[in-house]
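Colleague: give me a 3D structure for the following:
(chains A and B)
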Amino acid sequence: MRARVVLGVMAVLGAVVVACDDRVGGPPEVSDARVGAPTGPNAALYLNAEGAEADRLVEARSSVASEIQIHESTTGDDGTTRMRAVDGLDLRADETLVLEPGGYHLMLIDVERLQVGDEIDVTLVWENAGVWTISAQVVEPGDTMSHD
Amino acid sequence: MVNVGCPMSRTTRLVILALVLAVSACGGNLASGELQGVVIDPPQNKPTFTLTDTDGNPYEFASATEGKLTLLYFGYLNCPDICPVHLAQIAEVLDRSPELARNAEVVFVSVDPGRDSREEIRSFLDNFDPRFIGLTGTEEELVTAQTAAGVPPATISGEGEGYTVDHAGWVIAYAPDGRNYAIYPFGTRQTQWSNDLQILAARKGTG
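Modeller: The predicted model follows:
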């Protein structure tokens, strides 16, 4: 009985090791993941990511939103702000991919009523590193920008 | 350009753009006593337009905000990125300075009449400050208001329910004297807001 448990544990560990072997170099390191408390049907998530190897963020999902789109906000030459969905975001080796207000963000569509202080799990899908879940902090809508 | 209702010319927009870029490049020069926003020279008069407030009453912008420090912003509720940041920043500055808040009016105009109801606009603004005024109108009324305020009218992009709205990204500030001395593109810092609102609040001439 005891031997069986040990074997079972070893099998699980073995499976984990095999899974990890596919993820060359580990996932990009994500920091400062934050979501502005929703003020409407959607919310925006921001973060910084960096890794030793180039990768591409191709998808994101979370149980608190019906869908997450990768968005880019730009300001045109007449001062008009536009928001567009993009297919993915490139992470260059040893450079920080910055998602911040007025630039890139992950848009949580039909998001739940999140409260400031909540933490939510968000799954990020990287082209090379695979699927990794991160935790993001819910902050005041005005605290998504870095302060002076 | 000072005529009420005169749309902003392409040249003026380009000048504003150049100024926006200049400010961005410098990161804002925080000398006290000077406006940190994008200065409008010569200052523009407050526009005249009428929309509907969140209680369903007509709101004549120029007369309703007469004598007050007034911040005017065109946005939409499905905008989770820059709209909440602008409004949260303004709310925070006013929250820290009750004296400033007493004679200030923040007016948010929804340029997404297809999705944003009066009730939803009210509940959106209550996230920031229940005193913020929310306005809506027909598409024609909204184009008139935006043109009068000198911003390019918002346009819809994309199809289906998930469309986005391309809209002016800056907040227009009017001093109590009814003049627009500066505008505030996205990226304006809290310290810049605080500095400028104090300066503008003191401009109480008769206009």
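
Colleague: in chain B, which spans are helices?
Modeller: For chain B, helices defined by DSSP state H occupy the ranges B:10-26, B:61-64, B:82-96, B:98-102, B:118-126, B:139-148, B:190-201.

Colleague: correction: the previous question concerned chain A.
Modeller: For chain A, applying DSSP H gives helices covering A:2-22.

Colleague: what residues does it have near chain B?
Modeller: Residues of chain A lying close to chain B by C-beta under 8 Å from any C-beta of the partner chain are A:36-44, A:71, A:73, A:75-84, A:101-102, A:105, A:107-109, A:140-145, A:147-148. Heads up, the C-betas are built off the backbone N, CA and C, glycines and all.

Colleague: setting aside sequence neighbours, what's the nearest residue to the residue of chain B found nearest chain A?
Modeller: Closest residue of chain B to chain A, C-beta to the nearest C-beta: B:A88 (2.7 Å). Nearest residue to B:A88 in three dimensions, chain neighbours excluded: A:G142, at 2.7 Å (C-beta to C-beta, 6 or more residues apart in numbering or on different chains).

Colleague: let me see the contact set for that neighbour.
Modeller: A:G36, B:P84, B:V85, B:L87, B:A88, B:Q89, B:A91, B:E92 (C-beta atoms under 8 Å, 6 or more residues apart in numbering or on different chains).

Colleague: surely the second one and A:V35 touch.
Modeller: In other words, B:P84. No: counting by C-beta atoms under 8 Å, B:P84 sits too far from A:V35 to count as a contact (11.2 Å).

Colleague: looking at the two, which is more packed in?
Modeller: A:V35 (30 against 27; other C-beta atoms under 10 Å in any protein chain shown).

Colleague: surely that one and A:V138 touch.
Modeller: Yes: with contact defined as C-beta under 8 Å, A:V35 counts as touching A:V138 (5.1 Å).

Colleague: what's the overlap in contacts for the two?
Modeller: With contacts defined as C-beta under 8 Å, 6+ apart, the residues shared by A:V35 and A:V138 are A:L114, A:I120.

Colleague: picking that back up, quick check: neighbours shared by B:P84 and A:V35?
Modeller: Common contacts of B:P84 and A:V35 (C-beta under 8 Å, 6+ apart): A:T144.

Colleague: okay, now the unreliable bits of chain B?
Modeller: Where chain B drops to pLDDT under 70, the residues are B:1-32, B:206-207.

Colleague: show me what from it comes close to chain A.
Modeller: Going by C-beta under 8 Å from any C-beta, the residues of chain B near chain A are B:13-14, B:16-17, B:20, B:77-85, B:87-89, B:91-92, B:120, B:124, B:127-128, B:151-152, B:154, B:157, B:162, B:164, B:166-170, B:185-187, B:189-191.

Colleague: residues in contact with residue 65?
Modeller: Here I'm looking at chain A. By C-beta under 8 Å, 6+ apart, A:A65 lies in contact with A:A43, A:L108, A:I109, A:D110, A:V111, A:E112.

Colleague: wait, I meant chain B there
Modeller: Counting by C-beta under 8 Å, 6+ apart, B:T65 touches B:K46, B:E105, B:V107, B:Y174.

Colleague: could you check how far it is from B:D41?
Modeller: 22 Å (C-beta to C-beta, to the nearest Å).
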